[in-house]
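> All I have is the shape, not the residue letters:
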Ligand code: SAH
Ligand code: SF4
Ligand code: F3S
């Protein structure tokens, strides 16, 4: 199926938004800029599945003798997209390099979640300018979530002429065409679809590691939390078919991977878009737990869609880890309402009660935003009290960052930045205290560690993670990298454990 048919079959066409100036005159064939307005639409079209990706023979030698470098920002989803981009580039004959000045193609796979994430990318583009001036044949590309934003694309057009290509999160499979266009034309190539999204199954991937792997189970997000840009940059919620996921995880197990993380912005909505069957994350986990792989985790959960069947399946244990990252964002029901999180503090607390009852050993971690527009001291204190009530073992904490195009960005905000910073500090003090206490409880305990590699500072020190995702450092032989081992914890810090190697667990003893 070609590109035109693909668009027709999904009945979705991207309507290019007009940038402030009419840049169209500079572009020949590929000029599809983003539109946040279109990205917001959620139609009734069914998700279209494709598995017909192939490299056009015209491009077969495109990468011969050339190297690529990719810098990735943002979440695991982006890291995984980078593995797909690398897969496509390697099929085109490019070689990977870890030195930016050795590369013929430089890609920045960007994140738009907060302003500072975007600033880092603009800073990096500035650093790349001299390199481009020195070697004009180098191609510089911007992809990922920032490229889905009109304001970013317009800013790059205006001020970053060192950029040769911008392509969106829905356009990764078009990379060969985009590169071809960039080699042929001297103008910036822009290819960003602001559509709802399909699922493309057979894209090549080059995975970064051989121990842990990431597997998409769904794409996009329909939650539209009022502060968040992700539903605009990643399109609508759409699930991969169970058979494709199961096959991918089986294949990873056969290749010797020890841990798989299932990825989605709201994994608990998995399967809700299937029109032909009732099948959710609970059903999927129940099938995946039969696969002979020591650890399976998922991220990220949304408290609203976390159902009883999933809890029941997770309670079966085995290779399903007893760690759940369950972002709460705020402990105040009134604030959660303004954030459009679609649950109350009480609902969240009840969900945690059910999870703990079913999985008594569970470790819970979370995400919290402070300083949302007009957040009161009382509302903030409710967040502190919820943190303590749940007793989280770790949290990612953020100061609210306005994102253009989201409803919250239009809200007036009476909270000064100093107050927001102060709240973040107060929250972090509690987070650190609880994290350190959770670690302290491991003193003298024996934990199972998946060994990931040697410490950068000392090659005799190895490090790895427990099923609950605690970082463990210990002395051991390099030969055990990639294996599961037992470590006795001797001392603890806020974010890591130090221990002594006790034994190497054989592959037969772990998992199901
Ligand atoms: N889909 C996931 C998280 C995606 S983004 C979920 O819903 O849990 C990761 C975290 O970034 C969010 O949980 C939130 O805490 C934070 N975040 C998202 N948008 C933000 C914004 N505009 N300002 C500050 N933090 C934000
Ligand atoms: Fe963003 Fe909310 Fe979707 Fe998470 S659930 S990606 S916070 S809109
Ligand atoms: Fe960032 Fe996009 Fe992930 S905004 S957090 S890279 S989905």
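Received it, and whenever you're ready, just let me know what you need. Nothing here was measured: the structure is a model prediction, and the numbers come from that model. Residues are numbered from 1 along each chain as shown. Ligands and ions are numbered 1, 2, ... in the order given.
> CA only for contacts and neighbour counts going forward, please
Noted.
> Not including adjacent chain positions, what is the nearest residue to residue 286?
Nearest non-adjacent residue to residue 286, counting by C-alpha to C-alpha, 6 or more residues apart in numbering: residue 313, 6.0 Å away.
> Now do the one helix or strand the one you found maps to: which elements does it pack against?
Residue 313 is part of helix 308-314 when elements are defined by DSSP states H and E. Under the contact criterion of 3 or more C-alpha pairs under 8 Å, 6 or more residues apart in numbering; DSSP states H and E, helix 308-314 touches helix 281-288, helix 345-358.
> Quick check: the gap between the closest residue in space to residue 423 that isn't next to it in sequence and residue 440.
The shortest distance from residue 423 to any non-neighbouring residue, by C-alpha to C-alpha, 6+ apart, is to residue 370 (6.7 Å). Distance from residue 370 to residue 440, counting by C-alpha to C-alpha, to the nearest Å: 27 Å.
> Who has more neighbours out of the two?
Using other C-alpha atoms under 10 Å, the more surrounded residue of residue 370 and residue 440 is residue 370, with 23 against 18.
> And for residue 164, the neighbour number?
25.
> doesn't residue 185 make contact with it?
No: taking contacts as C-alpha atoms under 8 Å, residue 164 lies outside contact range of residue 185: 9.2 Å.
> Would you mind listing what in the stretch 151-300 of the chain touches ligand 2?
Applying C-alpha under 6 Å from any ligand atom, we find that the stretch 151-300 of the chain lies next to ligand 2 at 221, 223, 224, 225, 228, 230, 231, 265, 266.
> Which pair of these spans the longest distance?
Farthest-apart pair in these is 228 and 266; separation 12.9 Å (C-alpha to C-alpha).
> Strands along the stretch 401-512 of the chain, start to end?
Taking DSSP state E, counting those that start in this stretch, the strands of the stretch 401-512 of the chain run over residues 446-454, 461-465, 471-475, 484-492, 496-504.
> residue ranges of the helices in the chain, please?
3-10, 36-40, 76-91, 115-134, 150-159, 175-184, 230-234, 242-254, 281-288, 308-314, 333-338, 345-358, 377-390, 417-440 (DSSP state H).
> Present the ones you listed as TSV; the columns should include mean pLDDT and distance to ligand 3.
Putting the helices of the chain into TSV (pLDDT from 0 to 100; distance: least, C-alpha to the nearest ligand atom, whole Å) gives the following:
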stretch	mean pLDDT	distance to ligand 3
helix 3-10	34	23
helix 36-40	87	13
helix 76-91	97	5
helix 115-134	97	8
helix 150-159	96	13
helix 175-184	95	18
helix 230-234	96	5
helix 242-254	98	20
helix 281-288	98	20
helix 308-314	98	24
helix 333-338	98	20
helix 345-358	98	23
helix 377-390	98	22
helix 417-440	98	20
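> among those, which is nearest ligand 1?
helix 230-234 (7.1 Å; C-alpha to the nearest ligand atom).
> OK, now which residue of the stretch 351-500 of the chain is nearest to ligand 3?
residue 403 (10.3 Å).
> Now for that residue: which residues touch it?
113, 114, 115, 227, 228, 229, 409 (C-alpha atoms under 8 Å, 6 or more residues apart in numbering).
> Give me the buried subset of those.
113, 114, 227, 228, 229, 409 (16 or more other C-alpha atoms under 10 Å).
> Leaving aside the residues adjacent along the chain, what's closest to residue 325?
Among residues not flanking residue 325 along the chain, residue 365 sits closest, at 4.7 Å (C-alpha to C-alpha, 6+ apart).
> That neighbour: neighbour count?
Every residue meeting other C-alpha under 10 Å relative to residue 365 is counted, giving 21.
> So what's the predicted local confidence for it?
What the model reports for residue 365 is a pLDDT of 98.
> Tell me how far it lies from residue 194.
Applying C-alpha to C-alpha to residue 365 and residue 194 gives a distance of 33 Å.
> Please apply the same query to residue 51.
Residue 51 is 21 Å from residue 194, by C-alpha to C-alpha.
> quick one: which of the two has more around it?
Neighbours per residue (other C-alpha under 10 Å) separate residue 51 from residue 194, with residue 194 holding more: 32 against 11.
> check contacts around that one.
Residue 194 neighbours (C-alpha under 8 Å, 6+ apart): 14, 15, 34, 35, 36, 38, 39, 148, 170, 232, 233, 235.
> what about the third one, how many neighbours?
When you say that, I think you mean residue 34. Residues near residue 34, counting by other C-alpha under 10 Å, number 31.
> do the same with the last one
A count of neighbours around residue 235, defined by other C-alpha under 10 Å, yields 25.
> before we move on, what about the fourth one?
Taking other C-alpha under 10 Å as the neighbour definition, residue 35 ends up with a count of 24.
> what about stretch 331-349, how long is it end to end?
10 Å.
> can you check stretch 222-235 too?
Rule used - C-alpha to C-alpha; the end-to-end distance of stretch 222-235 is 8 Å.
> outside of that stretch, which residues touch it?
Residues from elsewhere that reach stretch 222-235 (C-alpha under 8 Å, 6+ apart): 36, 39-40, 112-113, 145-146, 148-149, 169-170, 194-197, 219-221, 236-237, 338-341, 400-403, 405-409.
> From the residues you listed, list the buried ones, please.
36, 39-40, 112-113, 145-146, 148-149, 169-170, 194-197, 219-221, 236-237, 338-339, 341, 400-403, 405-409.
> Top of the residues of the stretch 151-300 of the chain next to ligand 2 by number of neighbours, please.
residue 265 (26 neighbours).
> Quick check, that one in contact with residue 219.
Yes: the criterion here is C-alpha under 8 Å, and residue 265 meets it with residue 219 at 7.0 Å.
> Let me see the domain layout of the protein.
Domain ranges of the chain: 3-198, 211-321, 331-440, 446-509, per automatic domain parsing.
> The third one and ligand 1, are they touching?
Looking back up the chat, that one is domain 331-440. Yes: on the criterion C-alpha under 6 Å from any ligand atom, domain 331-440 is in touch with ligand 1 at 367, 368, 369, 398, 399, 400, 401, 402, 403.
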